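In: predicted model and sequence below, questions to follow.
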Amino acid sequence: MITELLGISDLALKLKKGSLALFPTDTLPAICSYPKYSKKIWTIKKRPLSKPLILMGGCLDDLFEFVHPCAIEEGLKLAKIYWPGALTIVLPTIGNLSEYLNCHSNSVGFRVPALGLARDLLMETGPLATTSANISGEAPVKDEIEAEITFPGIPILSPIPWPKSSGMASTVVEWEKGKWNLLRPGSVVLK
């Protein structure tokens with residue numbers, strides 16, 4: 001199966017038609033789709049539905065339109081300090097977004113990556129359902145070569161080679177009942 005290397009505009013068109021895609025981030029390479037096609041991510045990764053996906057956006061405003069009003073103020077405080085960057089912020093949502101990304105909760109993880117190429121893609125597409133590009137339970141891929149081997153035929157964002165990522169997952173924190181809980185330590189240490 002031939003893997004397509006596509007620029008931002010062409011990859012955005014593929015995604016709009018329901019395709020998955022692979023792209024670099026500041027932390028780990030990601031696999032993505034539009035939220036309404038997110039079941040494809042769980043399937044191809046062999047990921048349990050109990051493990052949610054995150055919504056990655058090109059800027060803070062693109063993500064906070066989905067955040068429940070009760071969490072906007074606290075979420076913005078953290079986002080303005082750590083975004084763009086390697087912090088995933090889990091917040092309660094409005095609408096049906098959580099049905100696509102986290103079927104066991106009305107909360108969703110949000111992140112704006114620090115890598116400019118990733119943000120450029122996300123500014124073109126709007127927010128995407130994402131997770132690290134690996135088969136569930138296996139080590140994350142390190143670059144576009146490993147991504148293509150793991151997910152043959154899934155379009156890859158060009159240009160390649162991709163900028164080097166940190167190789168460390170994002171830190172994940174959740175806002176719940178007025179306080180922050182650390183769900184996963186990662187490359188960001190909160191003050």
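Out: Noted; the coordinates are in hand.

In: surely Pro140 is in contact with Leu28?
Out: Yes. Counting by CB atoms under 8 Å, Pro140 touches Leu28, with 4.5 Å between them. All C-beta spots, glycine's among them, are computed from the backbone N, C-alpha and C.

In: the two: who's more crowded?
Out: Per other CB atoms under 10 Å, whichever of Pro140 and Leu28 has more neighbours is Leu28, with 24 against 20.

In: the more buried one: what's it in contact with?
Out: Leu28 is in contact with Ser132, Ala133, Pro140, Val141, Ser165, Ser166, Gly167, Met168, Ala169, counting by CB atoms under 8 Å, 6 or more residues apart in numbering.

In: identify the contacts common to Pro140 and Leu28.
Out: Common contacts of Pro140 and Leu28 (CB under 8 Å, 6+ apart): Ser132, Ala133, Gly167, Ala169.

In: buried ones among those?
Out: By neighbour count, with 16 or more other CB atoms under 10 Å, these hold Ser132, Ala133, Ala169 as buried.

In: the last one contacts Asp26, doesn't it?
Out: No. Here Ala169 lies out of contact with Asp26, judged by CB under 8 Å, at a distance of 11.1 Å.

In: tell me the secondary structure at Pro48.
Out: coil (DSSP: H, G, I helix; E, B strand; the rest coil).

In: what about the nearest residue to it once chain neighbours are set aside, distance to Ala86?
Out: With sequence-adjacent residues excluded and distances taken as CB to CB, 6 or more residues apart in numbering, Pro48 is closest to Ser136, at 6.8 Å. According to CB to CB, to the nearest Å, Ser136 and Ala86 sit 21 Å apart.

In: who's more crowded, these two?
Out: It is Ala86, of Ser136 and Ala86, that has more neighbours when counted by other CB under 10 Å, with 23 against 13.

In: what are the phi and psi values for the more buried one?
Out: Backbone torsions of Ala86, given as degrees, to the nearest 10, read phi -90, psi 40.

In: Pro48 too?
Out: phi -60, psi 140.

In: equivalent analysis for Thr93, please.
Out: phi -120, psi 170.

In: quick check: beta-bridge partners of it?
Out: Taking DSSP bridges, one obtains Val67 as the residues bridged to Thr93.

In: now do the same contact list for the nearest residue to Ser19 once chain neighbours are set aside.
Out: In space, and not counting its chain neighbours, Ser19 is closest to Pro155: 6.1 Å by CB to CB, 6+ apart. Residues in contact with Pro155, defined by CB under 8 Å, 6+ apart, are Thr3, Glu4, Leu5, Leu6, Leu11, Lys14, Ser19, Leu20, Ala21, Leu22.
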